[in-house]
Every structure is written in structure tokens, then in C-alpha cells.
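# Whatever this is, show me its structure:
(2 chains)
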Protein chains: 2
Amino acid sequence: MSRIASSRVLDVRFPTSLELDGSDAVNVDPDYSGAYLVLTTDAGDSGYGLVFTAGRGNEVVAAAIESVVALIPDSDVESLLDDLGAVSKALIHDSQFRWIGPEKGVAHMAAGAVLTALWDLKARRAGLPLWELIANLTPEEFVAAVDFSHLRDALTEDEALEILRRAEPGKAERIAELKASGYAAYTTSAGWLGYSDDKMVTLAKEAVAEGFDLIKLKVGGSVEDDVRRMKLAREAVGPEIKIAVDANQKWEVHEAAPWIKAIGDPDIYWIEEPTSPDDVLGHARIRREVAPIKIATGEAVQNRIIVKQLLQAEAIDVLQIDATRFAGPNENLANLLLAAKFGIPVCPHAGGVGLCELVVHFSFIDYAAVSASQDGRVIEYVDHLHEHFVDPVVVEGGRYQAPSAPGASGEMYEKSVERWTYPGGPGWVELFESGQFSR
Amino acid sequence: MSRIASSRVLDVRFPTSLELDGSDAVNVDPDYSGAYLVLTTDAGDSGYGLVFTAGRGNEVVAAAIESVVALIPDSDVESLLDDLGAVSKALIHDSQFRWIGPEKGVAHMAAGAVLTALWDLKARRAGLPLWELIANLTPEEFVAAVDFSHLRDALTEDEALEILRRAEPGKAERIAELKASGYAAYTTSAGWLGYSDDKMVTLAKEAVAEGFDLIKLKVGGSVEDDVRRMKLAREAVGPEIKIAVDANQKWEVHEAAPWIKAIGDPDIYWIEEPTSPDDVLGHARIRREVAPIKIATGEAVQNRIIVKQLLQAEAIDVLQIDATRFAGPNENLANLLLAAKFGIPVCPHAGGVGLCELVVHFSFIDYAAVSASQDGRVIEYVDHLHEHFVDPVVVEGGRYQAPSAPGASGEMYEKSVERWTYPGGPGWVELFESGQFSR
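A predicted model of the protein is given here:
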């Protein structure tokens, strides 16, 4: 019997705005950041959770994580870990705290960090990477981890069990295949809006040389720039490489289709975040207007209830789950089940800081235990900030290798955390003193 | 020329869970709370803003308000107050901070508190109650205060101008009428789920005697209780009084219609919050299934983009705006315009702490300058905690009287704030020491 003995919540920020890494039509100058949680038991082991943010506001998420930690039921650790579905509901449906969501934004992300830390601890105690722990749950255990509230008009517990039972045959073989061959990645590293044309072209060619067959460009700044960059990228990579575009919510609903037509490439692989992530009906309209080009969204979708509606409204072709905006592994299992029910592929959003590390687990779970398919499925990859993680992702030949270390892969090196804690860490103090940043 | 010289953000909570005031199927034990903001200029005057919450989590909203205050553009106060539309966009679309929304939840509510405080200051400087200040804006000034982003497929600036210009004739007469006769109220004071049958019946009769012709019952705990309470309430008030019911998001989409049919009163005036506030498609389905009973929602709707979709999907008959979940007066002006465009009445949510005080202004604006109609329109009223406000609402004969003091009416008495600051105020210390509450 052990208890949760302490929690540390840290506001960790990296000065990525100096290089315009991560710049797009809406996020013009992000400082990739993590509101970082370490839960430590009196047995001495720890679980690690994280919420990715773009800089300012990271302190608010950190405050929310402190508050959600206080909602963890007062039980011994093993009984918490035995029923993380119940813990999820206790955190998310707290009768007072839910008012400040419900189930969205800062409060929901904070619940996600706490749940990620608890799943991390559970996987570490089992000696398994999170994906393998969850892939090996029985269908009943998997369903018990999911909160079906406000989903049941689209997906019931029984339907979920049926999906999971259908995937039981061949599961061991698929797990072995994942360990041997990994999972397809695509890269956004070339396409940030703040990069020069030359840098974009060079990086696009490098991406192809590294084995990626799908790259992504940020669009939505100006039509002229988008037309020029799309042509340059297409010339650089040739007709065989798929190019997706990402507007990061920039457009009004009625603007999206004309803009896309103006870009003028009939082979755009998908259009990502054409408008507000809240706009289910808007995505459905845009999808009708640009068909057969695919619509993708999800990285800023607030919860499973919006995911449900995007699927019900036939508004998307690709669901892009995020590891830290949804309420942790529990809600992402719901998302995988919803996508399987509606036959829509899950292609996770990643990048930022720690998102690649955390999110790959869900695609691996999806193939092993839910959809049992990799068709049309690919995980985003952005090549930065991995050096701060104890168990960083490995991408080789355009494929994510299977995470093998026990846990959920969100643990950062202590020296990174110390250096980049905001605003007092020595990395930040140096930037303030040199005048490269002002507080 | 004056500047904003200081801000105070306070976590103020009232121990309402002791009496089960405000109890419903989801909010079983709220401690009505306000994350309270005072912005003071170096000219010595102040603006007051507030976010209502249910207790736990109030500290997170307070932290977010501190962070949003830091985003206020660094200009002199008069130039800020001259263009609160621009201030609204600066707070809400900040390139980094928006990640933790976007435009929803804690971050959005916090922006609302800051905007409420600035509008309050503007109205005080003009010597007018907020509703009268805004009702007397020109159509162009009104439109400049609104953020049309992600609305324009449903409502453009030009359409908004047309709505406002149509309401110009007769505006002075309607303002005079509002000052003379006020605006219809309805009461929820009788119907809290935690009240005994006897208390509910007594309060329902009192409400009718006080002049209300619409009362509201909380439902969704159990069908048996709802059937019994509805019968008792109907017997108590007679057939002429309208009874609405409120499920506070309790039901799955497919559960709502059968439950309502089981309650068995064909004259239910509206059904409020039948399911998740995020579920546009769910509300549309429920509305089709229970027609001609009306569907109402809004108090937990996160932003104007969901409001837009509820209207586009013909999912609601009544829009219930809230004063502190949306991003302040600016977003509620957008909501009034959207409702007018779609011909749906606005019947604001109120209660909590300070919500009546803040929200009445918007119904008064709606009648004076937007819809120019009071047909089917009524403002919620709950009779508690008004004694803490410097400019409390006055309800007489079932009607809200026009606010007449300068400002937005969110200022609390300093002695109330001091007594109920959580957890260190003397009111709380006494409750902890007496054992009636534990921290």
C-alpha cells in the first residue's frame, strides 16, 4: 500500500520564438512550453504528465494542474491505478470544478496531465510502455477506462466491446509487427510559415531523402504566398510525395473553399484546421465544398463530444487526436473507439514539446487493439525538442519506432526542466539579461 | 491621460452548499463564488469585473484573470475605452495565450472579467448604466465592439449594421419604456433539486403571489421525483402559470425525449440544458423529438461559435446567454445580433452570484437597440446573494427594474469581499473552526 506523497508542477518554456519554429498563420511566435507534473508516491516511484502550450498561459495551466491534483481520490495508489476510469470521472465530473469547463479548455487539459501521470505510473509499475499496457487490456478493462457520458447516442459500451472483441484475433501478431516495423510518420518540419522559401525547399527535399512520403505546409497567411510555396514544394518533392496543408483555424467558413481552389494544386492530400475547431457545421460545409480533398482536424478540438459530432456530421476525413488537449489517455481511448465506429482514420497531431513522445502510444494502441488497420494512417513528426526527454521518440526511414521503455514517455530530463523553468531558470535569466527576451 | 495603475484579483466564495441553494442534477453542492477583479487607474477610478463559478476552480479562474490583465495593451485608459473591440481582440487572440482556449473555458471567462471591468469603467466615466451606454452607441460603434471572426458565414458586419439600423427608429421611446416598466423576470428560487417537496410548493406559491408567471423546476435526478414534483408544482400554481424544467446537461441525447415524455406534462414551457452544452447536433435531435416543447440552452455554452451553430442547426427555441462565461459584453453583443438574425429570443441565465446584476443589461440592450422586442423574452431571477452588491437588481411585481447607477453593476461591497475571500476571510475561518466546512 502506497500513497501519492507529493506533486511538483512546473512551468517549463523553451524560447522557440527566436527561430520561428512552429510559426503558422495563427501561432505566429510560439514559445513551446509544458505545464509539467511529477506525482511521487511514498514508495518512491513517480509518474510524469504534461500539457503542451504555446508560452503565455502556461502558468494558468500549471495552476489548474495543482487544483486537479487536489481532486485525486484519497486512496492507496494501487487501487487508484486499478480503476483509472473511476479516477477520470472523479476529476472531470467534480460537482464544483466542472463549472469552469465543463470538459474543455484549461480545466480539461489539466485533468489530462494528471491522468497521463497516473497512467505513466501504472505502466512503469507494469514494466511496459503505455501502448503495450493498454493494448493488452481485455475489452472489458479497456471499456472501463472510457467515459461514455454524452457519447451514447453514437457509441455505447456494448458497441465498444464489439469493436474491441473484433480486434482480439491477430492482436499479438500486430503487436509484434509494431515492434518490428513501427508506424508511418509524416513531417511538418519543412513547412512553417516563418521559414524562407529556400529553407522550406531545402527541408522538404531533406524530408523526402529521409524517407517521408507526406509533408505538410502551413497556409492561410496570404493566397499569393501559399500559391508560390505550394508550387516550390511540389517542384522540390515531385508528384509522388503527398503534400497536406494546414490553415490553423485561420479561415471563415465561406473563405476556405475559394482559398483552397486559389492555391490550385488538385492533389492536396488534406486540408487541416480550415476554420474554428468548435465549428462542426462549418467543417461539414467546407468538406462538401472541397471534396474530394480531405478535411482533417482535431489538435484544438476540446473533447470527445465535439469529436462525436464531427463524425456524426461527416465533417472530417481524418481525426487528428492530440495527447494533451483531451483529458489524458482515457479520453483518447474514447476517440479511438469513436473513429473506429465511424470508419475514420486517426492521424495524431504532434510536434510542440513532448507531443510526439506522448501521442505515438495511441496510434500503436489503435493498430494493436482497436481499428487493427494502418491504412491511410500516419503520425505527425516534428524534429525538435526531443533531446529534453528521457525516452524520446525514434523516427527512422520515415517511421516511428515502437516505444519500449516502461511508461507514457512524458518524462523530461531534470536538467532541462531546471534550465527552462519560467521565468527563473538560468536559460531564461540569460535570455532576459542578453536582451533577446523581455519578461 | 490616465493609465491602469493596479489590479486586484480575489477568490470570493459563499458557503451556499450549506443550504443546497442552487442544487440540481449535476451541480449538487455549489458554493457560489466569484473570481473578482478590480482595475484601478492612476486617476483613482475603478472598474469591476467578475466570473461566477461553483466553488472549487475559482482559484484557477482568478489565476487566469491575473494573466489576462497582463495582456491589456499598454495604452492610456481613454484610448483603451475608445476601442474596446480592439482590446477584446488583443486579449482573445493573443498569439500564445489562445492555445489554452481557444476562446473557451477558463481563459475565455477570464477575458470576460477583464472586458467587463473595462466596460464598467467606461460606463462609470460616461455616468450611465452599461445598458444605456451601449444602447446609445451608433450602429457603427456597436459593430466595432463585436468580434465577427468565425461568424461571417452566418452574420456579417453589414448584416449586423442592418439589424441595428432597423432598430434605430423608436429607440428613445423603448429606452423610456424600459426605465418606466422594466423587463419581465422568471424565478428558479422554488425549484432546486435539494429542496423538500413542501419547501418547493411553498416557494412556488410565493413566486406566483409575487407576480411571476413563469417558474422553473430542476429535473434529471430520477423520473419518479420529477413526475411527483411536476404534479405538485402544477397543482400549486394552477394552469395559467408557465413551468419550465432544467436538466442541467444530465441526459444522454437519446434519453432526453423519453424522460420528458415520462414527466407527462404537455404544457412544459421549455426544457433547459437537456444534454451537453457542446452538443449542437444533440440539441437539434432532441428539439425534433420533443416538439412543440421548446429547447433552451446557453448558460454553459462556451462562445459565439457554438451559439452560431445552435441557431444554424435549428437546435434551440430560446438562447440563454450568461454574463460571465462568454468573453464579456463584446461577445454578448455578438450573441444578441446572432439571435436577432435568426429570430430567436434571448432569455438570459442568471442566479449564482452577480449574474442577475450583470446580465440584465443585455436584455435591456436587446430591447432598446437590437431585437426591439420583448415577445417571449424573460430574464431569470434567483433571490439570493444580492445583498453583497453595491448596485443590486430590483425585481418588483415579477419585473426587473432598469439599472440606473453608472457602470455594469458587478461591484461588491468591500466588507463582503473581505469576509468571504477564500480561504482566509473571517467568514471561512469561522466555518472551518466550527467544523461546518473542511478545507
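# and the closest residue to A:Tyr381 other than its chain neighbours, bridged to which residues?
With sequence-adjacent residues excluded and distances taken as Cβ to Cβ, 6 or more residues apart in numbering or on different chains, A:Tyr381 is closest to A:Ala185, at 4.1 Å. The C-beta positions use only the backbone N, C-alpha and C, and glycine is treated the same way. Counting by DSSP bridges, A:Ala185 is bridged to A:Ile379.
# list the contacts for A:Ala185?
Taking Cβ atoms under 8 Å, 6 or more residues apart in numbering or on different chains as the criterion, A:Ala185 is in contact with A:212, A:378-381, A:395, A:398-400.
# 10 Å instead?
The contact partners of A:Ala185, taken as Cβ atoms under 10 Å, 6 or more residues apart in numbering or on different chains, are A:210-214, A:350, A:356, A:360, A:363, A:378-382, A:393, A:395-401.
# A:Asp24 too?
Per Cβ under 10 Å, 6+ apart, neighbours of A:Asp24: A:30, A:188, A:191-194, A:217-221, A:246-250, A:273, B:95.
# Near chain B, which residues of the stretch 101-250 of chain A are found?
The stretch 101-250 of chain A comes close to chain B at residues A:101-110, A:148-154, A:156, A:249-250, as judged by Cβ under 10 Å from any Cβ of the partner chain.
# Quick one: the helices in the stretch 301-439 of chain A, in order.
A:304-312, A:328-342, A:355-365, A:414-420, A:426-434 (DSSP state H, counting those that start in this stretch).
# Relative to chain B, how far out is A:Ala247?
For A:Ala247, the distance to chain B (Cβ to the nearest Cβ, to the nearest Å) stands at 12 Å.
# Nearest to chain B: which residue in the stretch 301-439 of chain A?
Across the stretch 301-439 of chain A, the shortest distance to chain B (Cβ to the nearest Cβ) belongs to A:Ile305, at 4.4 Å.
# That residue reaches B:Ser276, doesn't it?
Yes. Counting by Cβ atoms under 10 Å, B:Ser276 is a contact partner of A:Ile305 at 5.1 Å.
# Point me to the residue of the stretch 51-200 of chain A nearest chain B.
Nearest to chain B in the stretch 51-200 of chain A, going by Cβ to the nearest Cβ, is A:Gly105, at a distance of 2.1 Å.
# That residue contacts A:Arg98, correct?
No. Under the criterion of Cβ under 10 Å, A:Gly105 makes no contact with A:Arg98, lying 12.0 Å away.
# Please identify every residue contacting each of these two.
In contact with both A:Gly105 and A:Arg98: no residue, using Cβ under 10 Å, 6+ apart.
# Report the inter-axis angle for the lowest-mean-pLDDT helix or strand in chain A versus helix A:355-365.
Ranking every helix and strand in chain A by mean pLDDT, DSSP states H and E puts strand A:183-191 at the bottom, with a mean of 89. Here the directions of strand A:183-191 and helix A:355-365 differ by 150 degrees (axes from the mean of the first three to the mean of the last three Cα atoms, to 10 degrees).
# As a check, name the ranges of all helices in the stretch 101-250 of chain A.
Going by DSSP H, counting those that start in this stretch, the stretch 101-250 of chain A shows helices at A:105-126, A:130-135, A:139-144, A:157-166, A:171-181, A:197-209, A:223-237.
# which of these is buried the deepest?
Among these, the stretch with the highest mean neighbour count (mean count of other Cβ atoms under 10 Å in any protein chain shown) is helix A:105-126, at a mean of 28.
# Give me the angle between that helix and helix A:355-365.
Inter-element angle recorded for helix A:105-126 and helix A:355-365: 70 degrees (by the same axes, to 10 degrees).
# coming back round to it: contacting residues around the residue of the stretch 51-200 of chain A closest to chain B?
Neighbouring residues of A:Gly105 by Cβ under 10 Å, 6+ apart: A:60-61, A:64, A:302-303, A:325, B:64, B:100-109, B:302.
# interface residues of the stretch 251-400 of chain A facing chain B?
Looking at chain B, the residues of the stretch 251-400 of chain A close enough under Cβ under 10 Å from any Cβ are A:251-256, A:275-282, A:284-286, A:300, A:302-306, A:308-310, A:312-313, A:325, A:352.
# Go again with 8 Å.
With Cβ under 8 Å from any Cβ of the partner chain as the criterion, the stretch 251-400 of chain A meets chain B at residues A:252-254, A:275-282, A:285, A:300, A:302-303, A:305-306, A:308-309, A:312-313.
# coming back round to it: okay, the helices of the stretch 101-250 of chain A in JSON lines with mean pLDDT next?
Formatted as JSON lines, these follow (pLDDT from 0 to 100):
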{"stretch": "helix A:105-126", "mean pLDDT": "98"}
{"stretch": "helix A:130-135", "mean pLDDT": "98"}
{"stretch": "helix A:139-144", "mean pLDDT": "98"}
{"stretch": "helix A:157-166", "mean pLDDT": "98"}
{"stretch": "helix A:171-181", "mean pLDDT": "98"}
{"stretch": "helix A:197-209", "mean pLDDT": "94"}
{"stretch": "helix A:223-237", "mean pLDDT": "95"}
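# closest to B:Val87 out of these?
helix A:105-126 (21.1 Å; Cβ to Cβ).
# Report the central residue of chain A.
Centroid check for chain A by Cα atoms, centre = their mean gives A:Asp322 as the closest residue, at 2.3 Å.
# wait, that residue sits on A:Val359?
Yes. Contact criterion Cβ atoms under 8 Å: A:Asp322 and A:Val359 qualify, at 7.0 Å.
# Now for these two: what residues contact both?
A:348-349.
# got the contact list for stretch A:388-405?
Stretch A:388-405 is contacted from outside by A:14, A:129-131, A:178-179, A:181-186, A:210-213, A:353-354, A:356-357, A:360-361, A:363-364, A:379, A:381, A:383, A:386, A:407, A:409-413, A:416, A:420, using Cβ under 8 Å, 6+ apart.
# Now a PyMOL select for only the buried ones of the residues you listed.
Buried subset of the contacts of stretch A:388-405, written as a PyMOL selection, criterion 16 or more other Cβ atoms under 10 Å in any protein chain shown:
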select buried, chain A and resi 14+129+130+131+178+182+183+184+185+186+210+212+353+354+356+357+360+361+363+364+379+381+383+386+407+409+410+411+412+416+420
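# Quick check: end-to-end length of stretch A:62-76?
Stretch A:62-76 has its terminal residues 25 Å apart, counting by Cα to Cα, to the nearest Å.
# List the buried residues for that stretch?
For stretch A:62-76, using 16+ other Cβ under 10 Å, the buried residues are A:62-69, A:71-72, A:75.
# Name the residues of stretch A:144-155 that come out as buried.
Of the residues in stretch A:144-155, those buried (16+ other Cβ under 10 Å) are A:144-155.
# what about it, how long is it end to end?
One end of stretch A:144-155 to the other measures 14 Å (Cα to Cα).
# same deal with stretch A:235-249?
End-to-end distance for stretch A:235-249: 27 Å, by Cα to Cα.
# Number of residues surrounding the nearest residue to A:Tyr186 once chain neighbours are set aside?
Closest residue to A:Tyr186 apart from its sequence neighbours, by Cβ to Cβ, 6+ apart: A:Leu214 at 3.7 Å. A:Leu214: 21 surrounding residues under other Cβ atoms under 10 Å in any protein chain shown.
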